[in-house]
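Undergrad: Let me see the structure of the following:
(one chain, ligands or ions: 2)
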Amino acid sequence: MISSQQPLVLKVGGALLQCEMGMARLMTTAANIIKTGQAVIMVHGGGCLVDEQLAANGMQTVKLDGLRVTPAEQVPIVVGALAGTSNKILQAAAVKAGVTCVGMSLADGGIVSAQIKDEQLGFVGEVSPKDATYLNFILAQGWMPIVSSIAVDDLGQLLNVNADQAATVLAKLVNGKLVLLSDVSGVLDGKGQLITSLNKAEAAELTRQGVIDKGMKVKVEAALEVAQWLGQPVQVASWRDSAQLAALVQGEAIGTQVLPQ
Ligand SMILES: Nc1ncnc2c1ncn2[C@@H]1O[C@H](COP(=O)(O)OP(=O)(O)O)[C@@H](O)[C@H]1O
Ligand SMILES: CC(=O)N[C@@H](CCC(=O)OP(=O)(O)O)C(=O)O
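TA: Ligands and ions are numbered 1, 2, ... in the order given. Here you go, the predicted model:
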């Protein structure tokens, strides 16, 4: 089924992989959205699984500004955890929910171009949109791509890309509506209350105050970038919240709306 609507780019954080019920609910949500004729691209993280795998191999987790420093010796573990285990666990949950899916990475079908982001971070990639042909082909079949954030640069080097940034690039590539689903109900204020809408200036101030921090800082920056690029809000919400997932099927706004201005 080919939809005339904007594809929905749904990014899920790695904590989802540790919650069987959360995965089942999310995949049922995706199945229901696809049934309405809306194309869905799922992009996933798996940071917590990478942490576990590094620890099991006696390696340290080091992050700079929310991004994992990825030295050469950690690349095989990171790739295995993200493009391997995480991707296939999600694929299995999708199949169980009746979703026909294609498990892939940023390296497939020439969809993005990638390069090393910053030497200080090691094998961490910065990606930009390249060619949507492969993704559009999958979507045109009514299938759901499940995309891990592993990329390959022109030199053939495997690169670790933050999954929020991966989702950003895919949303730009297909002109898609972006929803970032995490383990929190959205961006929270200093008192732990949900912020329903957030503009660039407000985000900068909350970041300066240290209220928006770590993974959420990367997420909000990614959301602001896409909101500005597409001229429409990006949603930050929770995969844990079944009411939010039900609203998502109805096409309603959920969580925090990160605004274009
Ligand atoms: N202001 C904030 N609102 C919500 N979460 C925040 C905030 N600042 C920091 N965080 C942290 O960011 C985390 C979400 O980012 P991250 O761990 O990267 O999620 P994911 O793996 O789902 O992408 C939350 O679990 C929380 O610990
Ligand atoms: C460069 C970088 O930081 N890559 C991330 C990729 C996974 C990710 O982003 O996972 P979540 O969405 O679960 O946080 C990492 O290695 O953890």
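
Undergrad: For residue 236, grab phi and psi.
TA: phi -120, psi 120 (degrees, to the nearest 10).

Undergrad: ok, now which ones touch the residue of the stretch 151-261 of the chain found nearest ligand 2?
TA: Nearest residue of the stretch 151-261 of the chain to ligand 2: residue 163, at 3.4 Å (C-beta to the nearest ligand atom). For the C-beta atoms, the positions are set from N, CA and C on the backbone; glycine is no exception. For residue 163, the contacting residues are 11, 13, 14, 43, 44, 45, 46, 47, 148, 149, by C-beta atoms under 8 Å, 6 or more residues apart in numbering.

Undergrad: from the residues you listed, which single one is nearest ligand 2?
TA: Proximity of the contacts of residue 163 to ligand 2 (C-beta to the nearest ligand atom) peaks at residue 45, which lies at 2.0 Å.

Undergrad: Now for that closest one, how many residues are close by?
TA: 25 (other C-beta atoms under 10 Å).

Undergrad: show me the contacts for it.
TA: 11, 12, 13, 14, 82, 86, 149, 162, 163, 164.

Undergrad: Which ones among the residues you listed map onto strands?
TA: Those of these mapping onto strands are 11, 12, per DSSP state E.

Undergrad: could I get the contacts of residue 45 as CSV with pLDDT?
TA: Compiled in CSV, the contacts of residue 45 are given as follows (pLDDT from 0 to 100):
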residue, pLDDT
11, 97
12, 97
13, 95
14, 95
82, 98
86, 98
149, 98
162, 96
163, 97
164, 95
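
Undergrad: which among the contacts of residue 45 are in contact with ligand 1?
TA: Restricting these to those near ligand 1 by C-beta under 6 Å from any ligand atom leaves 13, 14, 164.

Undergrad: Hmm, the second one is touching residue 47, no?
TA: Yes - with the criterion set as C-beta atoms under 8 Å, residue 14 and residue 47 qualify as a contacting pair; they are 4.6 Å apart.

Undergrad: chain center to the worst-scoring helix or strand of the chain on mean pLDDT, what's the gap?
TA: Lowest on mean pLDDT, DSSP states H and E among the helices and strands of the chain sits helix 242-249, with a mean of 90. On the basis of C-alpha atoms, centre = their mean, to the nearest Å, helix 242-249 is displaced by 18 Å from the centre of the chain it belongs to.

Undergrad: if we can go back for a sec, if I look at the residue of the stretch 151-261 of the chain closest to ligand 2, how far off is residue 155?
TA: According to C-beta to C-beta, to the nearest Å, residue 163 stands 23 Å off from residue 155.

Undergrad: With residue 185 instead?
TA: For residue 185, the distance to residue 155 - C-beta to C-beta - is 41 Å.

Undergrad: Which one's more surrounded, those two?
TA: Higher neighbour count among residue 185 and residue 155: residue 185, with 19 against 8, using other C-beta under 10 Å.

Undergrad: and the more buried one, helix, strand or coil?
TA: coil (DSSP: H, G, I helix; E, B strand; the rest coil).

Undergrad: before we move on, what about residue 126?
TA: Residue 126 ends up strand, using three-state DSSP.

Undergrad: Quick one: neighbours of it, just the number.
TA: 19.

Undergrad: Residue 98 too?
TA: Residue 98 has 12 nearby residues by other C-beta under 10 Å.

Undergrad: which residues touch it?
TA: residue 31.

Undergrad: residue ranges for the strands of the stretch 151-261 of the chain, please.
TA: Per DSSP state E, counting those that start in this stretch, the stretch 151-261 of the chain carries strands over the ranges 158-160, 177-182, 197-198, 234-238, 256-258.
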